[in-house]
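Enquirer: Give the three-dimensional model of this entry:
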Amino acid sequence: MLLVYILIIFILYLLRTNLLNTTIFIVTPFIFIIIINNLIATTFGFFSISDKVIMVIIVFLVVFFTGTLFSDYFLSKIRLPESKLSGVYNINIKNITTYVVTVFVLKLIQIGYFSVTSSSKELVKSGYKDFGLDGIIGHLFLSTYPLLGILLYVGIKQNKKYLIGIVLTGILLAFFSFVKYHVISLVFILYLYISIKDKKYWLKGARISLLIVPFLFILNYAILFLARNAHPDLSFYIYNIWTYIAGSVINMNILVHEGIINDNIGSWFAETFLALPNFIFKNLIGESYKLEEFSIGLQTIGFNMNSGELTSPVVSTVGQLYSFNNLLLFILLVFIWGMILEFLFTKSLQTKGETLKLFVSVFITFSMLSFFSNYYTLMIPWEIMLFSIFIPKLFLYKKNQ
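Expert: Presented below is the predicted three-dimensional model:
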């Protein structure tokens, strides 16, 4: 597997003289998870990822990469409309700052309100659900995700520390939803956006992001357990972090070896692509399309030497595609995925407009997190993608010509 990965990197460098390809973003997490799990984590009680699962990942790697190469053909044929966030238009940073700070104040008021009106026992029991990103304030907060990318880039380029401070405040508020992917996705969106804007941030930003994310994991668990007056040792955090990161890939063993099949392919597509329409219909007319969720149930992925069984209910997007039990369909979907993602990514590097850069940052982020699960079954990724297209356009002003 590692040899195939290295070979693809070598081919990529020969063809493009750089490694800016979405294969690196999407497949690399799988490679590292398999290597770390089978060489290190298994010695601490986690199940090994089988050779058959590794073969599925290799097929995924090769097909996805092939799809990205085919995107070059469409790049020469398709011209996307240029965003108005370029040319004679500019972004009003002052108005963006005012809007973002206003939303943050509302979010802080919400957190303060529930902290005062609810007992600590009620908050802990609910897992701080009231601090989440539901309701009007939650949706407003999600609308700031793409705007924070713009503020971070301007803050770094123009050395405006107060803008960077606002972005860090946004990360902190996202963290206090206590839903891990809320803050992790924001960190990656910010990293991808500023890197697409300026390639010098690719490596530096990657290093910073990969330090921030594990820290946020540990801090999340630490605060929740401190609130419960529990004091787990360091091994607890290590086991839980690896269960969260690798559980979905280890669970592919169940799909490959026990032949769990998802017969309702249409329902999987509906669950993936109708998450946002369902949310809208449910709130407008009280009705929504009933989706049959694909689930493998709670599966054992290893044994903690101190506390016993380790379990995870999730499976990676690759595993979900494999569960269709149709190799040709698996290859076709992965190929299309790679082709579309690479096409949009390359276009975002070539265009001067901000809209596509912001959209692609979000699209790649949740595709990159596919090693954990299919996040497109949730409403939030689609909502942030829509915000990335429309919200920045509300903050344009026209320069004197």
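Enquirer: From Ile36, how far out is the most centrally placed residue in the chain?
Expert: Relative to the mean C-alpha position of the chain, the nearest C-alpha, by CA atoms, centre = their mean, is the one of Phe366, at 3.1 Å. From Phe366 across to Ile36, the span is 23 Å (CB to CB, to the nearest Å). Yep, even glycine has a C-beta here, placed from its N, CA and C like the rest.
Enquirer: any weak-confidence spans in the stretch 1-150 of the chain?
Expert: By pLDDT under 70, the weakly predicted segments of the stretch 1-150 of the chain are 16-18, 74-89, 118-132.
Enquirer: Show me the strands in the chain, by range?
Expert: Along the chain, counting by DSSP state E, strands occupy 89-91, 299-304, 308-312, 396-398.
Enquirer: Now do the second one against strand 308-312, angle only.
Expert: When you say that, I think you mean strand 299-304. If you take axes from the mean of the first three to the mean of the last three CA atoms, to 10 degrees, strand 299-304 sits at 140 degrees to strand 308-312.
Enquirer: got the contact list for strand 299-304?
Expert: Here strand 299-304 makes contact (CB atoms under 8 Å, 6 or more residues apart in numbering) with 41-42, 44-47, 235, 239, 243, 246-247, 250-251, 254, 309-313.
Enquirer: let's see it at 7 Å
Expert: By CB atoms under 7 Å, 6 or more residues apart in numbering, the surrounding residues in contact with strand 299-304 are 45-47, 239, 243, 247, 250-251, 254, 309-312.
Enquirer: I figured Phe104 hits Thr169, correct?
Expert: Yes: using CB atoms under 7 Å, Phe104 is in contact with Thr169, at 5.9 Å.
Enquirer: quick one: buried residues of stretch 320-337?
Expert: Neighbour-count burial for stretch 320-337 flags Gln320, Leu321, Tyr322, Ser323, Phe324, Phe330, Ile331, Leu333, Val334, Phe335, Trp337 (criterion: 16 or more other CB atoms under 10 Å).
Enquirer: Determine which two of those are furthest apart.
Expert: With CB to CB as the measure, no two of the buried residues of stretch 320-337 lie farther apart than Ser323 and Phe335, at 18.0 Å.
Enquirer: Tell me where the longest helix sits in the protein.
Expert: helix 201-227 (DSSP state H).
Enquirer: Show me what it is packed against.
Expert: When contacts are defined as 3 or more CB pairs under 7 Å, 6 or more residues apart in numbering; DSSP states H and E, helix 201-227 packs onto helix 180-197, helix 234-250.
Enquirer: And those helices: which comes nearest Leu2?
Expert: Ranking the helices and strands packed on helix 201-227 by proximity to Leu2 (CB to CB) places helix 234-250 first, at 15.4 Å.
Enquirer: between the buried residues of stretch 320-337, which is closest to Lys157?
Expert: Nearest to Lys157 out of the buried residues of stretch 320-337 is Trp337 (CB to CB; 32.8 Å).
Enquirer: which residues sit in contact with the closest one?
Expert: By CB under 7 Å, 6+ apart, the contact set of Trp337 is Phe64, Gly67.
Enquirer: try it again with 8 Å
Expert: Contacts of Trp337 by CB under 8 Å, 6+ apart are Phe64, Gly67, Ser367.
Enquirer: what do you get for Asn159?
Expert: Listed by CB under 8 Å, 6+ apart, Asn159 has no contact partners.
Enquirer: Backbone dihedrals for it, both of them.
Expert: Backbone torsions of Asn159, given as degrees, to the nearest 10, read phi 50, psi 40.
Enquirer: where's it relative to Ser195, distance?
Expert: Asn159 sits 19 Å away from Ser195, going by CB to CB.
Enquirer: which non-adjacent residue is nearest Val318?
Expert: Phe60 (5.1 Å; CB to CB, 6 or more residues apart in numbering).
Enquirer: Near that neighbour, how many other residues are there?
Expert: 24 (other CB atoms under 10 Å).
Enquirer: pretty sure it is touching Leu333, no?
Expert: No: at 10.3 Å, Phe60 does not count as touching Leu333 under the criterion of CB atoms under 8 Å.
Enquirer: Can you pull the residues that touch both of these two?
Expert: With CB under 8 Å, 6+ apart, Phe60 and Leu333 have no common neighbours.
Enquirer: ok, and the closest non-adjacent residue to Thr272?
Expert: Counting by CB to CB, 6+ apart, the nearest residue to Thr272 once its immediate chain neighbours are dropped is Tyr376, at 4.8 Å.
Enquirer: which residues does the one you found contact?
Expert: Contacts for Tyr376 were tallied using CB under 8 Å, 6+ apart; they are Thr272, Phe273, Ala275, Phe366, Trp382.
Enquirer: Try it again at 7 Å.
Expert: Contacts of Tyr376 by CB under 7 Å, 6+ apart are Thr272, Ala275, Phe366.
Enquirer: Filter the residues you listed down to the ones in helices?
Expert: Thr272, Ala275, Phe366.
Enquirer: any idea how far the last one is from Leu186?
Expert: Just to be clear, that refers to Phe366. Phe366 is 12 Å from Leu186, by CB to CB.
Enquirer: Chain neighbours aside, what residue packs nearest to Lys52?
Expert: Spatial nearest neighbour of Lys52, chain neighbours left out: Val256 (4.7 Å); criterion: CB to CB, 6+ apart.
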